[in-house]
Structure formats: C-alpha cells, structure tokens
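Colleague: Let me see the structure of the following:
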Amino acid sequence: MQTSPAAQPETGVYAGAVDKGLLWKITSAEGKVGYLFGTIHSEDARVLDFPQVLLDAVKESPIFAMELVPNLPTIGKLMEAMRYQDGTRLEDKIGSELYRQVSVRLSDYGVPGEEVQNLKIWAAAMTLSVPVPETGMFLDFSLSLRAAAGGATLTALETLEEQVGFLQGLDEKNQIIMLQQVITEFAEMQQQNRQMVDIWLGRDLNMLAEVSRTQMAEMEPQLAEWFQKKGIDQRNAVMLKRALPLLKQGGIFIAVGALHLPGKAGLIAGIQQAGFKLEAIW
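Modeller: Numbers count the residues shown, from 1 in each chain. Modelled structure (predicted):
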C-alpha cells in the first residue's frame with residue numbers, strides 16, 4: 001500500500017506522447033520557452049546526479065516554480081499543521097498498541113518519543129510513507145537551492161493549506177485505516193519506494209503511474225478514491241491554473257512530483273490542451 005498520491009492514466013502520458021521523459025521543454029505560440037520536470041522524493045545519489053541538460057534548463061530560467069517553497073515560514077506552518085494544538089494525544093485517537101508501533105517506527109525518522117503524541121493521525125501516516133531521511137537533501141530541495149543560488153525567484157504553485165487540506169479533510173476513521181496499513185506494510189512500502197526510484201531513473205512516466213496504480217489498488221477503495229480525486233486531480237487543476245500564466249510569460253522552470261505529469265488530468269495533458277508545444281528532452 002502506497003499512501004502518497006498516485007496518478008492513474010488510462011492510455012499513455014497524453015495523446016501522441018512518447019512514454020519516456022521527465023524533463024519537458026514547453027513552447028508557447030509566441031515562442032516563449034519554459035520547462036516542466038517530474039521529481040521524486042528521494043535523496044538517492046543517482047537521483048541527485050543531475051544531467052547537464054537539466055542544469056542548463058534551470059540556469060536559463062529566472063523563475064523556479066515548485067509545489068511549495070521550502071523556506072522557514074512554510075516549514076514552520078507545516079510543522080504546526082501536522083500537530084495537535086489543543087492537548088489532544090495521538091495515543092488517545094489510535095489506541096495504545098498502534099501508537100506503540102507508530103512510535104517505534106517514527107524513531108527512525110528522528111521524531112522524539114514525546115513529540116509522537118502531538119502528531120495528527122494523517123501526519124504520522126504520511127511521514128512513515130516516505131523513505132527514511134539520511135541527509136534531508138531530497139531532489140526538490142536540492143534543485144531549488146541550485147536555482148536560488150543562480151539568482152532564480154522561487155515561487156509556489158500551491159498553498160500549504162491546499163496541499164495538506166485533502167489529508168486533513170479525510171475523516172478520522174479512514175485516517176486510522178491509512179495509518180494501520182502503513183504500519184502493517186511498512187517494509188513492503190520501503191521496497192516500493194526503492195522500486196519507484198529505479199523506474200524514475202529510467203524516466204518512464206507511464207511505468208511510474210502503472211506501479212503507483214497497483215499500489216493504490218491495495219488501499220481501501222474509499223481511500224484510493226479520495227487520494228485520486230483530492231490528492232491528484234484537484235491539486236493538478238490548481239497547479240495548472242497557476243502555471244499557465246507563468247508559462248505564457250516564459251522563463252519558468254516547474255518542478256513537481258512526477259506522478260502529477262501523466263494522465264488525462266495530468267499537467268502534461270493540461271499544458272498541451274492550453275495550446276503549448278511539449279517536447280521531452282530528458
């Protein structure tokens with residue numbers, strides 16, 4: 001079971017597209033150029049070995065857009081959103097046995113025991129669904145640092161409230177089901193994360209989406225539907241709405257999770273339908 005959102009394309013990346021490509025050159029009808037890059041939440045050295053074509057695209061783009069800009073104010077607000085602020089205890093929500101298992105797992109993520117009690121149910125589940133951090137230098141963060149160092153302006157395509165809203169909007173019963181599945185299938189999920197990195201390195205968007213679809217099929221049906229509708233489709237629509245004006249201006253590099261790119265409701269299809277030419281360049 002994979003609790004991170006996943007796209008579910010029916011046929012390919014978009015009509016007429018090649019199957020492979022994580023970096024796309026986008027050209028407007030007026031000749032303005034921008035880029036779209038599908039990232040993965042990984043600090044694997046192979047992922048961070050950026051190809052020159054990617055570095056060149058970042059360097060020539062004065063605007064670097066991502067889901068959220070990882071600055072101190074945003075991180076602070078995220079930490080606050082993930083925690084109960086009224087004295088509520090996680091153990092009282094999920095029971096002593098599940099809490100014990102969650103606490104043990106979260107220790108590997110550097111979450112002190114006394115802090116676990118403050119975590120919201122969805123926050124504990126999402127923390128445990130991603131790889132255990134080693135350096136904290138994940139792809140999105142590393143690339144944004146390079147862009148900022150080169151003088152680019154960083155901008156967000158979502159607000160924090162929008163990104164976590166679909167998780168906070170999930171009822172507690174289903175949040176607990178999600179957390180229980182994460183704990184039960186923790187080792188399998190970590191293996192799936194490694195598999196996704198290998199597929200990402202092969203730059204195969206359709207295979208990424210296919211594997212993610214398989215993982216979602218292992219979720220409770222109501223959870224899978226929620227993640228698809230709220231975590232992918234609605235977020236794609238928001239990001240597309242904010243990205244299009246920037247693409248019309250040109251000079252923008254967009255870096256978002258690779259699973260937001262494919263499918264009929266994906267960013268590639270949406271950008272193409274808005275009249276832009278797309279070309280996979282890596």
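Colleague: Ala65 should be in a helix, yeah?
Modeller: No. The assignment for Ala65 by DSSP: H, G, I helix; E, B strand; the rest coil gives strand, which leaves it out of any helix.
Colleague: and it, how many residues sit next to it?
Modeller: For Ala65, the count of nearby residues is 27 (other CB atoms under 10 Å). Bear in mind the C-beta positions are built from the backbone N, C-alpha and C, glycine included.
Colleague: if I read this right, it contacts Ala243, doesn't it?
Modeller: Yes. Assessed by CB atoms under 8 Å, Ala65 is found in contact with Ala243 at 6.6 Å.
Colleague: Give me the common contacts of these two.
Modeller: Residues touching both Ala65 and Ala243 (CB atoms under 8 Å, 6 or more residues apart in numbering) are 157, 252, 254.
Colleague: Tell me the buried residues in stretch 32-48?
Modeller: Within stretch 32-48, the residues scored as buried using 16 or more other CB atoms under 10 Å are 32-44, 47.
Colleague: For Lys93, state which of these is nearest.
Modeller: For the buried residues of stretch 32-48, the residue nearest Lys93 by CB to CB is His41; the value is 26.0 Å.
Colleague: out of the shared contacts of Ala65 and Ala243, who has the most neighbours?
Modeller: Counting by other CB under 10 Å, top hit in the shared contacts of Ala65 and Ala243: Ile254 with 28 neighbours.
Colleague: Would you mind checking the average pLDDT for whatever helix or strand Val238 lives in?
Modeller: Assigned by DSSP states H and E, Val238 belongs to helix 234-249. Taken as a whole, helix 234-249 has a mean pLDDT of 98.
Colleague: Mind giving me the packing neighbours of it?
Modeller: Judged by 3 or more CB pairs under 8 Å, 6 or more residues apart in numbering; DSSP states H and E, helix 234-249 is in contact with strand 63-66, helix 160-168, strand 252-257, helix 267-273.
Colleague: could the ones you listed go into JSON lines alongside distance to Val104 and mean pLDDT?
Modeller: Shown next, in JSON lines, are the helices and strands packed on helix 234-249 (distance: least, CB to CB, whole Å; pLDDT from 0 to 100):
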{"stretch": "strand 63-66", "distance to Val104": "33", "mean pLDDT": "99"}
{"stretch": "helix 160-168", "distance to Val104": "23", "mean pLDDT": "91"}
{"stretch": "strand 252-257", "distance to Val104": "28", "mean pLDDT": "98"}
{"stretch": "helix 267-273", "distance to Val104": "38", "mean pLDDT": "97"}
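Colleague: Many thanks, have a good one.
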